[in-house]
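1. Fold the following.
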Amino acid sequence: MGDSHDVDVARPGANFAYVRVRNRTRLQLDQVRVRLFRLPPEATQSSACWVGSFEGDPSPGSGVPIGPIAAGARAVAEIPIDIPADPDTAMPATGKGVMLLAMANVSDAAGNVLEPFPDIAAITDVAASWRFFAEGPLAASAALRGLRFRP
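-> The predicted structure is shown next:
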């Protein structure tokens, strides 16, 4: 926890993202799935629509399975992500970055969805993204993280 975030960088090619999921309930979470998306640069520079621009699999049942997670415990999903050689051609070499969106859902032991993945269709522009993370009904099930890009 004492490390600076200067060591957290994205590099071209194969990378891994580690997404920590915390069970804030008093019950065990039987099945948890985590999805990771890389947002396109235009999503952070303008009000371009983010929907459909994510890299990731939004189909039902997709995501990396983790769990069960005991009450009050945490689990970590290790997710491979491929970063292009130049993730943002419009920025100078010293200003490039990568934005990642992680989200989780929860199902019971029988596979019934108890908490769905957040609906990214609500994110239509930058202002909507702030509303999504500040007051969305499933905002606690999603996280946004920016990383510096180092070739």
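
2. Would you mind finding the longest helix in the protein?
-> Longest helix in the chain by number of residues (criterion: DSSP state H): helix 126-135.

3. If we go by neighbour counts, what in that helix is buried?
-> Counting neighbours by 16 or more other Cβ atoms under 10 Å, one finds that the buried residues in helix 126-135 are 128, 129, 132, 133. Just so you know, the C-beta spots here come from the backbone N, C-alpha and C atoms, and that holds for glycine as well.

4. could I get those residues as JSON lines with pLDDT and distance to residue 74?
-> Converted to JSON lines, the buried residues of helix 126-135 look like this (pLDDT from 0 to 100; distance: Cβ to Cβ, whole Å):
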{"residue": "128", "pLDDT": "77", "distance to residue 74": "29"}
{"residue": "129", "pLDDT": "76", "distance to residue 74": "25"}
{"residue": "132", "pLDDT": "81", "distance to residue 74": "23"}
{"residue": "133", "pLDDT": "81", "distance to residue 74": "20"}
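
5. any idea which of these is the one closest to residue 82?
-> Within the set of the buried residues of helix 126-135, residue 129 lies nearest residue 82; the separation is 23.3 Å, counting by Cβ to Cβ.

6. Hmm, the closest one is touching residue 120, no?
-> No. Shown here, residue 129 and residue 120 do not form a contact pair, counting by Cβ atoms under 8 Å, at 9.5 Å.

7. what's the weakest-modelled helix or strand in the chain?
-> Of all the helices and strands that make up the chain, the one with the lowest confidence by mean pLDDT, DSSP states H and E is helix 41-45; it has a mean of 59.

8. what's the next secondary structure element after that helix?
-> Of the helices and strands lying after helix 41-45 in sequence (DSSP states H and E), the nearest is strand 64-66.
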